[in-house]
Each structure stands twice: as C-alpha cells, then as structure tokens.
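J.: When you get a sec, could you give me coordinates for this:
(one chain, ligands or ions: 2)
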Amino acid sequence: MISFDNLFQLSASSLGVDKGDKEEVTLVSHAHTDHTPTRYKNNHLLCSNVTRKVIELRRKLKQTKRFSHSNIKSRDAGHILGSRMFFINNKLLYTGDFNPQGEYSGKARPVKCSTLIMECTYGRPRYVFPPKTEVLKELKEYVEENNKVVITGMDSSFGKVQELCSALDRFKIPFSINERILRMNKGLGLHFKHNDQDSKIRITDDYEPFDYSGYKKIRLTGWNLDGWWGSGGDKNFVFSSHSDYPSLVQFVKKCNPDTIYTHHGYAREFADDLRKMGFNAAPLSLLGTRRKKHQSSLFDFIHQKVF
Ligand SMILES: [Zn+2]
Ligand SMILES: [Zn+2]
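T.: Ligands and ions are numbered 1, 2, ... in the order given. All right, here's what the predicted structure looks like:
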C-alpha cells in the first residue's frame, strides 16, 4: 500500500513519475524520451493514449500495462501531443513539461492545489517567448521566400515536429519529413494533407544524415534566446513547447499552492525567485536530503514507499 501524508492511498508496492523504471505504477506525463521509463517489464502506466502508443511504437512493444485510479486525474499539459499533468486527490498537481500558452495540443490550465510539483526548464526571467502565431507567420514567410529549406533543431520523431507538420499543413505548404517521423505519424494515424515527400521543404532532426548543400537551415527552439545554441542555422526562431518564464510565474500565481517543488532546468533559481515572491518553494531534489526517518515525505511519494 502506498500512502502520502494521508492524502492518497493505492494498492501498489511503488509509484513513480515519468522516469520511474522499477515502480509498479508510473505516471508518464508525455512521450519525450527524458520523461519515459527505460524499462517496461513490470510497471503499469498511467498516461494518455497517444503517449502509450508512442512508447509502444518506439520500443516495439505489443501492449504496455495500464493503470488508472479515481483519485488521479489527467489534465492537458499543452506541451506536445498527448502531454498531461496529474492532479492527485484534488490537492497535489504534478506537471512534467507543460505550457499554458500551448496552441497545438491544448493548454495547461492552472488549478487551485495545495502542493504543486512543476517543471521549470526556462525558469529564468530572460526567457520570454514571442507568441507562437507570430513566429509561425514569420516562418511561413521565410519558407515561401526560400524554395529549399531544412527545418531542424527539434526533438527527434515525436513532439514539436508534429506541431510543425500541422502548421505547414494549415499554411498549405507542401513538406517532406524523414523516415522516422514518417513512421511515427503513420503509427499514430496522423495524416497531413500537404505531406509530400518530393517537397524541398524538409522537416528533420539532427540524427538524419542529410545533405544540406543548397538548403537554408532553420532551427526552432526556445534556447535560441541564448544565441550560442542557434549557431549553424541560417535562421533561428524562438519556438518552444515549454512555458516561458512569465507563463511559469503566472501559472504558480493562479494555482496558488501552499508548497511548490520545482524540477527540470533552473529548479534552484526558479524556487529562489518564487520565495522572493512570497511562495513556499524548494527544488524537488532537496527533499531527498531533508528526509527524516519514518516521516512521510514527498520524496517518498515520488520515488518509492512500501508499507
Ligand atoms: Zn518534453
Ligand atoms: Zn523535458
């Protein structure tokens, strides 16, 4: 039996979030590889159908084990297709990567909670993203001006690439994609009308051997705000699936939790900022070291607690 501060109980020997490999139950927020378990022998997954399908396609698994619990509710995370946050016992909200400004795959909506565990990949004030609609408009113009373009700098076969396929589809711009993306789209039943493998507008990743000569290279990432990341691209757009700094702060204010634990990216710095704003915040990693014997801590909840 797992229990967390009398908030929540479930009959499993262990529970993990995202990269929980050995746990009997793993809550998987989305299908980016830094959030999915590496082993699937015994664990039951609670995740969206899209996330499950991506995992099964990638790992060539026939079927992963399922888990559901009436006290664990999934909510849109707005990050990539199938991304979810988990709201536990109407009190604890866990986010993997999330985005309240999401366009393509829903929006992460804040919810009043007592404890918030949140990612803060872009948790520094310098990360302020322009609206996606504006960036996509500029991208469209750039692609139309140049007839041989390769768009890269993205997660491999799943995530931002589908958002981009969908945007080019909307703009009625024919595009080609690499084999891995093609297989993934097919496996997920995603059909893009303007996907034309003869097109010289190519969506790819850094893993595909591709002859870039004669092509203009576009890189899409939030890290383009740091300049150095975008080196090598002819045109770099600030385009991310994550929350920017103002969205992170706004999300916290609207959830208005008693306690916040930050993880991913600038966890320590962002928790410092939140404390200056009057919130009770700490990086999630600190919990492991603060833990006292026999005390039911959040660290136990996230990793493992066996009664
Ligand atoms: Zn992600
Ligand atoms: Zn991530």
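
J.: Buried residues, stretch 120-132. List them.
T.: Within stretch 120-132, the residues scored as buried using 16 or more other C-beta atoms under 10 Å are Cys120, Thr121, Tyr122, Gly123, Arg124, Tyr127, Phe129, Lys132. Every C-beta, even on glycine, is put in place using the N, C-alpha and C of the backbone.

J.: before we move on, what about stretch 239-249?
T.: Phe239, Ser240, Ser241, His242, Ser243, Asp244, Tyr245, Ser247, Leu248, Val249.

J.: Find me the pLDDT at Tyr212, would you?
T.: Note on Tyr212: pLDDT of 80.

J.: my read: it touches Val150, true?
T.: Yes. Using C-beta atoms under 8 Å, Tyr212 is in contact with Val150, at 5.9 Å.

J.: Please identify which of these two sits among more neighbours.
T.: Comparing Tyr212 with Val150 by neighbour count (other C-beta atoms under 10 Å), the higher total belongs to Val150, at 22 against 14.

J.: and the next element down the chain from the one helix or strand the more buried one maps to?
T.: Here Val150 sits within strand 149-152, counting by DSSP states H and E. The helix or strand immediately downstream of strand 149-152 is helix 160-170, counting by DSSP H and E.

J.: give the contact list for Tyr215.
T.: Residues near Tyr215 by C-beta atoms under 8 Å, 6 or more residues apart in numbering: Lys148, Val149, Val150, Lys200, Arg202.

J.: Which residue, neighbours along the chain excluded, lies closest to Asn99?
T.: Distances taken as C-beta to C-beta, 6 or more residues apart in numbering place Gly78 nearest to Asn99, at 4.2 Å, with adjacent residues excluded.

J.: hang on, that neighbour packs against Lys107?
T.: Yes. If you go by C-beta under 8 Å, Gly78 and Lys107 touch, sitting 4.3 Å apart.

J.: more crowded one of those two?
T.: Gly78 (26 against 14).

J.: near ligand 2, which residues of the chain show up?
T.: Asp34, Asp97 (C-beta under 5 Å from the ion).

J.: Partner strands of whatever helix or strand Ala282 lives in, with direction?
T.: Using DSSP H and E, Ala282 falls within strand 281-283. In the sheet, strand 281-283 lines up against strand 259-265 (parallel) (DSSP bridges).

J.: Tell me how far the partner strand lies from the chain's centre.
T.: 15 Å (C-alpha atoms, centre = their mean, to the nearest Å).

J.: Stretch 72-90 too?
T.: 11 Å.

J.: ok, now stretch 64-79?
T.: Using C-alpha atoms, centre = their mean, the offset of stretch 64-79 from its chain centre is 15 Å.

J.: got the end-to-end distance for that stretch?
T.: The first and last residues of stretch 64-79 sit 23 Å apart, counting by C-alpha to C-alpha, to the nearest Å.

J.: is any part of it close to ligand 1?
T.: No. With C-beta under 5 Å from the ion as the criterion, ligand 1 is not reached by stretch 64-79; the gap is at least 5.5 Å.

J.: residues of that stretch that come out buried?
T.: Thr64, Phe67, His69, Ile72, Ser74, Arg75, Asp76, Ala77, Gly78, His79.

J.: can you check stretch 25-40 too?
T.: Val25, Thr26, Leu27, Val28, Ser29, His30, Ala31, His32, His35, Thr36, Pro37, Tyr40.

J.: ok, back up a step: contacting residues for the residue nearest to Asn99?
T.: Phe98, Asn99, Pro100, Gln101, Gly102, Ser105, Gly106, Lys107, Ala108.

J.: Nice, that's everything, thank you.
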